[in-house]
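A.B. asks: Predicted model and sequence below, questions to follow.
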Amino acid sequence: MPRSAKSKVCGGDKCPQAQGETQSCRGAQAIAPAEEESTTSSLQCEGVTQSLPGAKSCSTSQAPERRLTFPTSAIFSCTRSSEAFNGLYEHRVFAYEVPPFTETPETDCLTRKASLLEQYLLYRYKMKQLIMKEDMLKIIHQSHHDQFAEILKRASERIELIFAVDLKEVDSDVPCYNLVSKLKLPNNGRVRGGRGLPKTGLLMNLLGMIFMKGNCAAEEDIWKSLGTMRVYAGRKHFVYGEPRKLITKDLVRLKYLEYRQVANSDPPRYEFLWGPKAHLETSKMKVLEFLAKVNNAVPSDFPTYYEEALGDEEKAQGMDAAKPDTTIKVNFTPPRDMLNIVFPPIVKHVKFFPPNKKI
């Protein structure tokens, strides 16, 4: 083909190859900031290391301890979709939608099905409705019904990591499930009345931040860490509403957090501690397990925090064992006549018949 003809073909509309290259470049540009943001979301070593006696400095020559990170903003971004579930249900427009699993050419079909099922589970939670197994089977298509257990496991695990709620089977005549908050927050994790998504995930992250700051975290450090999750004071969040009110008012009123002024601070500065309800309903080990799962690890991968959490567990067990037995034991022997009245001899009510006699 002459050079001029070739240039005309590609002039008005780009060549397919050029379009693909352009799109891939744009995709790479879009992914790059996300990767940088994910990298910056990791807590700095000096901010994570506890300010406790015996805490190791970052400058030691030993291999650095693995660092805990919190969910990045990619998890909490908000999108909309009007074609969810292919019109199987009348509620087709959602006020929220957690982004699906990051798809790559290697993403398998089960992961895509789990992503769709995840949307449905959260929608049912928001509407305060039980999750019927029959409806879930309609979503994942008949050809994958034999893999339903694996698909449901993947969807529920991701919801657990983001929102700190567990999928539990409900005792009912028909198979159905419900999402239950890991902590006993009012309204099953919504904090306030009405519909909405659970706030338990935010609370578990806050408790983890306080734990990693030596059990007392400055307010500015809390907001700095929350900024990596795109949660900012004074800016309404699609899941948490106005975060400052939720954190400094609601969770404090419910006694999950303690918010107090730093002694002798001028101008006034504030700090966060665990509240009595948090100590009652969870533990450092449970919070560490939650954060470790987010980081695709196990608690022992973070020895500094693991040893402290383990020490608290052993201390709690020792306190329970040391508690005096407050059961009041009364020795009382009832009269013989009373025994006959309360427990009449069974033999008096049994008739014996000869073996060959017809009854």
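C.D. replies: It's in.
A.B. asks: Would you mind confirming that Leu116 makes contact with Lys138?
C.D. replies: No. With contact defined as Cβ atoms under 8 Å, Leu116 does not reach Lys138; the gap is 11.1 Å. The way it works is simple: take the backbone N, C-alpha and C, and place the C-beta from them, glycine included.
A.B. asks: Those two - which one has more neighbours?
C.D. replies: The neighbour count for Leu116 versus Lys138, taken as other Cβ atoms under 10 Å, is higher for Leu116 (18 against 14).
A.B. asks: Where does that one fall, secondary structure wise?
C.D. replies: Here Leu116 is covered by helix 109-126, with elements defined by DSSP states H and E.
A.B. asks: Can you show me the helices along the stretch 101-250 of the chain?
C.D. replies: 109-126, 133-140, 148-163, 186-189, 200-212, 219-227, 243-245 (DSSP state H, counting those that start in this stretch).
A.B. asks: just the CA coordinates of the longest one, formatted as PDB?
C.D. replies: Meaning helix 109-126. What follows is helix 109-126 as a C-alpha-only set of coordinates in PDB (Å, rounded to 0.1, in the frame of the first residue of the first chain):
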ATOM      1  CA  CYS A 109     -14.300 -16.700  36.900                       C
ATOM      2  CA  LEU A 110     -14.900 -17.500  40.500                       C
ATOM      3  CA  THR A 111     -13.300 -14.200  41.600                       C
ATOM      4  CA  ARG A 112     -15.600 -12.300  39.300                       C
ATOM      5  CA  LYS A 113     -18.600 -14.200  40.600                       C
ATOM      6  CA  ALA A 114     -17.500 -13.500  44.200                       C
ATOM      7  CA  SER A 115     -17.200  -9.800  43.400                       C
ATOM      8  CA  LEU A 116     -20.800  -9.700  42.200                       C
ATOM      9  CA  LEU A 117     -22.000 -11.700  45.200                       C
ATOM     10  CA  GLU A 118     -20.200  -9.300  47.500                       C
ATOM     11  CA  GLN A 119     -22.300  -6.400  46.100                       C
ATOM     12  CA  TYR A 120     -25.500  -8.300  46.700                       C
ATOM     13  CA  LEU A 121     -24.500  -9.200  50.300                       C
ATOM     14  CA  LEU A 122     -23.800  -5.600  51.200                       C
ATOM     15  CA  TYR A 123     -27.000  -4.400  49.500                       C
ATOM     16  CA  ARG A 124     -29.000  -6.800  51.700                       C
ATOM     17  CA  TYR A 125     -27.200  -5.600  54.800                       C
ATOM     18  CA  LYS A 126     -27.900  -2.000  53.900                       C
END
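A.B. asks: Alright, that wraps it up for me.
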